[in-house]
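Enquirer: Here is my input; please provide its structure:
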Amino acid sequence: MANTDSYEDVVKTRGEEKFAEFETTHKGLMGRFHDALHSTPALVPLIVLISALVVFGIVLGSKFFSPFALTLILQQVQIVGVLAAAQALIILTAGIDLSVGAVAVLCSVIMGQVTFRYGIPAPLAIPIGLACGTAIGAMNGWLVSKVKLPPFIVTLGMWQIVLAVNYLYSRNETLRSQEIEELAPALQFLGTKFTIGGAVITLGVVVMLGTVLILAYALRSTAWGRHVYAVGDDPEAAQLAGVDRHKTLMSVYMLVGFICGLAGWVMIGRFGSVSPSATTGVIGNIQAITAVVIGGISLFGGRGSILGAFFGALIVGVFELGLRMAGADPQWTYLLIGVLIIAAVTVDQWIRKVTA
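Expert: Residues are numbered from 1 along each chain as shown. Predicted coordinates:
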């Protein structure tokens, strides 16, 4: 009689019940590497970041690793880093927000105009600007979640609306750094500098790091974070599992609006002035999306991390500073960033294809 123990679910030997054991599949080096990328999406941008630091360190020498150079990178990416954290939340839900840069500029304009036009103290004008950003985010979220409009269309339209409101409300007036410093220094508070071991850090950099760490913890260790990933990965399955899709999307879009308001405040601290024509309103969206894509967050939603988006922003900052210090043509920065974007999407597709 043939032995059938190898395929029976349960066998009894010596009076004890044993469950069938299945042979473990041994994966090669590429398989283990794929699993590592799938479980830790931020690994790729971290490798790219470390590699870029090493290459520029070898080419430029010790001056690239000076406290001044390294902290300059952080100061350069502080606005993009905050906007990238906001954009990452939207993309994790399988959406995209083309209005983050414009909302940040509008919030900064509101903070400045409320102070100078209406005489409201700056410590009160700042929460007003943050509230306006949150309200715009709530409007985006309602149109996406309740009206079922595509996020791309909603935020593309909101981008145009916010840009127009920005110029109409401000009357195209720029509040200069000296005026703000004399009459409303609280608006420039996040530009305050302090020194740590020879490195000069601004409070705006601290806000960026704090935002990234708080969001990373919330996404990884809270029920809300698991709901965000679930909605982005498969909204129908999440709904069947008891996740309130509307509530989750509304919370994400409102939080993104608030973070954009925070980026507006960081912007005032960084530049010192308040201008409706700040370039962040136009290119901030592209920079944030670039950081998120390079950071390994899937454009299909449901996979990635805020830390990856932060690493993506740092990669852009490292390339910009490194090439500038090397005396290279600035166009090389755009070329390398473009290559990284295509490579990041290719890696994401490979991970999804192999996983499937």
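Enquirer: pLDDT value on residue 280, please?
Expert: On pLDDT, residue 280 comes in at 75.
Enquirer: ah, wrong one, I meant residue 346
Expert: 83.
Enquirer: Next, residue 241: phi, psi?
Expert: phi -80, psi 0 (degrees, to the nearest 10).
Enquirer: What distance do you get for the closest residue to it other than its chain neighbours to residue 307?
Expert: Setting aside the residues directly before and after it, residue 241 is nearest to residue 230 in space (C-beta to C-beta, 6 or more residues apart in numbering), at 6.9 Å. C-betas here are computed from N, CA, C, even on glycine. For residue 230, the distance to residue 307 equals 20 Å [C-beta to C-beta, to the nearest Å].
Enquirer: neighbour count winner among these two?
Expert: Using other C-beta atoms under 10 Å as the criterion, residue 230 and residue 307 rank with residue 307 on top: 23 against 20.
Enquirer: Wait, the more buried one touches residue 212, no?
Expert: Yes. The pair residue 307 / residue 212 is scored as a contact, 6.8 Å apart, by C-beta atoms under 8 Å.
Enquirer: shaky segments in the stretch 1-150 of the chain?
Expert: Across the stretch 1-150 of the chain, residues meeting the criterion (pLDDT under 70) sit at 1-39.
Enquirer: if we can go back for a sec, mind listing what the residue nearest to residue 241 touches?
Expert: Residues in contact with residue 230 (C-beta atoms under 8 Å, 6 or more residues apart in numbering) are 237, 238, 241, 243, 302.
Enquirer: Strands along the stretch 101-250 of the chain, start to end?
Expert: Listed in chain order, the strands found in the stretch 101-250 of the chain under DSSP state E, counting those that start in this stretch are 193-196, 199-202.
Enquirer: Out of those, which is the most enclosed?
Expert: Ranked by mean neighbour count, the strands of the stretch 101-250 of the chain are led by strand 199-202 with a mean of 17 (mean count of other C-beta atoms under 10 Å).
Enquirer: Would you pull up how far it lies from the middle of the chain?
Expert: 22 Å (C-alpha atoms, centre = their mean, to the nearest Å).
Enquirer: For the residue nearest to residue 241, give its distance to residue 142.
Expert: Taking C-beta to C-beta, one finds residue 230 at 20 Å from residue 142.
Enquirer: hmm, back to that, model confidence for the residue nearest to residue 241, exactly?
Expert: 95.
Enquirer: what do you get for the one 5 residues further on?
Expert: According to the model's per-residue confidence, residue 235 sits at a pLDDT of 90.
Enquirer: Hmm, it is touching residue 248, no?
Expert: No. At 9.3 Å, residue 235 does not count as touching residue 248 under the criterion of C-beta under 8 Å.
Enquirer: Looking at the two, which has the bigger crowd around it?
Expert: Remark: of residue 235 and residue 248, residue 248 carries more neighbours, 22 against 18, as counted by other C-beta under 10 Å.
Enquirer: Go ahead and confirm the more buried one touches residue 229.
Expert: No. Residue 248 lies out of contact with residue 229 (C-beta under 8 Å); the separation is 10.0 Å.
Enquirer: who touches both of those two?
Expert: With C-beta under 8 Å, 6+ apart, residue 248 and residue 229 have no common neighbours.
Enquirer: In the stretch 251-356 of the chain, where is pLDDT below threshold?
Expert: In the stretch 251-356 of the chain, residues with pLDDT under 70: 352-356.
Enquirer: if we can go back for a sec, give the buried subset of the contacts of residue 230 as a PyMOL selection command.
Expert: Applying 16 or more other C-beta atoms under 10 Å to those, the buried members can be selected in PyMOL as follows:
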select buried, resi 238+243+302
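Enquirer: can the contacts of residue 230 go into CSV with extra columns for distance to residue 222?
Expert: Putting the contacts of residue 230 into CSV (distance: C-beta to C-beta, whole Å) gives the following:
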residue, distance to residue 222
237, 20
238, 15
241, 16
243, 13
302, 17
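Enquirer: of the contacts of residue 230, closest to residue 188?
Expert: Residue 188 has its nearest neighbour among the contacts of residue 230 in residue 302, at 39.3 Å by C-beta to C-beta.
Enquirer: between the contacts of residue 230, which is closest to residue 52?
Expert: Of those, the one sitting nearest to residue 52 (C-beta to C-beta) turns out to be residue 302, at 27.9 Å.
Enquirer: and that closest one, helix, strand or coil?
Expert: For residue 302, the secondary-structure state derived from DSSP: H, G, I helix; E, B strand; the rest coil is coil.
Enquirer: The residue lying closest to it once chain neighbours are set aside and residue 93: what is the separation?
Expert: Of all residues not flanking residue 302 in the chain, residue 233 sits nearest, at 2.9 Å (C-beta to C-beta, 6+ apart). Taking C-beta to C-beta as the measure, residue 233 falls 9 Å from residue 93.
Enquirer: so what sits against both of these two?
Expert: Joint contacts of residue 233 and residue 93 (C-beta under 8 Å, 6+ apart) are residue 301.
Enquirer: what residues are up against residue 84?
Expert: Taking C-beta under 8 Å, 6+ apart as the definition, contacts of residue 84 comprise 287, 288, 291, 292, 295, 309, 310, 312, 313.
Enquirer: Closest to residue 61 out of those?
Expert: Using C-beta to C-beta, the contacts of residue 84 come closest to residue 61 at residue 313, 24.8 Å.
Enquirer: In PDB, could you pull the C-alpha coordinates for the helix or strand where that closest one lies?
Expert: Per DSSP states H and E, residue 313 falls inside helix 306-325. Provided in PDB are the C-alpha atoms of helix 306-325 (Å, rounded to 0.1, in the frame of the first residue of the first chain):
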ATOM      1  CA  ILE A 306       6.700  59.000   4.400                       C
ATOM      2  CA  LEU A 307      10.400  58.400   5.200                       C
ATOM      3  CA  GLY A 308      10.900  57.400   1.500                       C
ATOM      4  CA  ALA A 309       9.400  60.700   0.400                       C
ATOM      5  CA  PHE A 310      11.800  62.500   2.800                       C
ATOM      6  CA  PHE A 311      14.700  60.600   1.400                       C
ATOM      7  CA  GLY A 312      13.500  61.600  -2.100                       C
ATOM      8  CA  ALA A 313      13.500  65.200  -1.200                       C
ATOM      9  CA  LEU A 314      17.000  64.900   0.200                       C
ATOM     10  CA  ILE A 315      18.200  63.100  -2.900                       C
ATOM     11  CA  VAL A 316      17.100  66.100  -5.000                       C
ATOM     12  CA  GLY A 317      18.900  68.500  -2.500                       C
ATOM     13  CA  VAL A 318      22.100  66.500  -2.600                       C
ATOM     14  CA  PHE A 319      22.200  66.400  -6.400                       C
ATOM     15  CA  GLU A 320      21.500  70.200  -6.600                       C
ATOM     16  CA  LEU A 321      24.100  71.100  -4.100                       C
ATOM     17  CA  GLY A 322      26.700  68.600  -5.200                       C
ATOM     18  CA  LEU A 323      26.500  69.600  -8.900                       C
ATOM     19  CA  ARG A 324      26.600  73.300  -8.000                       C
ATOM     20  CA  MET A 325      29.700  72.800  -5.900                       C
END
